[in-house]
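Enquirer: Got a predicted structure plus its sequence, pasted below:
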Amino acid sequence: MGTKNNPGEYDCHSRAEPDEPYFTLLGRDPVASIVVDYWAFLRETEGKIEGAKLVEARRCAKAMSDWAVAKGKADRIKHIEDLIPNRLQAILEENERLRTENKRLVAENTKATEMLSSIRKVVGEEPLEIER
C-alpha cells in the first residue's frame with residue numbers, strides 16, 4: 001500500500017504513461033475503500049490480479065476504511081454500502097431491458113433486410129447478405 005510520502009510497490013503514478021488519465025482516491029473519502037475493494041474483486045474475477053498485488057489492494061481498502069472511520073465517516077460508509085444492492089439491482093434490470101430491446105431491434109433489422117432482399121430480387125438487383 002502506498003502513501004504520498006511512501007509510494008508502494010505497485011505505485012501507478014511512477015508507471016503512468018505521459019498524459020495517461022488516472023484517478024486518485026484518498027482514505028478520507030468514504031467511497032474510496034469500497035471502490036478499491038470492488039476493483040480488486042473485478043480484477044481477481046477476470047484473472048488479472050493475484051498474490052501480493054491482490055493482498056496489497058485489499059490492505060489498502062481496509063486502511064482507507066479505517067482512515068475514513070477515524071475521520072468520523074463510519075455512518076457515511078455504511079450508508080454507501082447500503083445503497084449498493086439497490087443500485088446493482090437497478091443496473092441488472094436496465095441491462096436486461098437493453099438486452100431485450102437489442103433482440104427486438106435485431107429481429108426488426110433481419111426482417112427489414114429480408115424484405116429489401118425480396119424487393120431487390122423482384123427488380124433484378126443482387127440480394128443482400130443477412131448477417132446474424
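Expert: Now that the structure is in, tell me what you want to look at.

Enquirer: Now for Ser65: which residues touch it?
Expert: 33, 77 (CB atoms under 8 Å, 6 or more residues apart in numbering). To be clear about C-beta, it is placed using only N, CA and C from the backbone, and glycine gets the same treatment.

Enquirer: Helix, strand or coil: sort out it for me.
Expert: For Ser65, the secondary-structure state derived from DSSP: H, G, I helix; E, B strand; the rest coil is helix.

Enquirer: Let me know the pLDDT of it.
Expert: The model reports Ser65 with a pLDDT of 95.

Enquirer: How about Gly51?
Expert: 86.

Enquirer: quick check: mean pLDDT across the longest helix seen in the chain?
Expert: Longest among the helix segments of the chain by residue count, using DSSP state H, is helix 74-123. The predicted model gives helix 74-123 an average pLDDT of 90.

Enquirer: Show me what it is packed against.
Expert: If you count contacts as 3 or more CB pairs under 8 Å, 6 or more residues apart in numbering; DSSP states H and E, helix 74-123 packs onto helix 32-45, helix 51-70.

Enquirer: wait, which of the ones you listed is closest to Ile84?
Expert: helix 32-45 (7.5 Å; CB to CB).

Enquirer: Kindly export that closest one (C-alpha atoms) in CSV.
Expert: Taking only C-alpha atoms (Å, rounded to 0.1, in the frame of the first residue of the first chain), the coordinates of helix 32-45 have been written out as CSV:
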residue,chain,number,x,y,z
ALA,A,32,-12.6,5.0,-1.6
SER,A,33,-12.4,1.8,0.3
ILE,A,34,-15.5,0.4,-1.4
VAL,A,35,-14.2,1.3,-4.8
VAL,A,36,-10.7,-0.2,-4.2
ASP,A,37,-12.2,-3.4,-2.8
TYR,A,38,-14.6,-3.7,-5.7
TRP,A,39,-11.7,-3.0,-8.2
ALA,A,40,-9.7,-5.8,-6.6
PHE,A,41,-12.8,-8.1,-6.8
LEU,A,42,-13.3,-7.4,-10.5
ARG,A,43,-9.6,-7.8,-11.4
GLU,A,44,-9.4,-11.0,-9.4
THR,A,45,-12.6,-12.3,-11.2
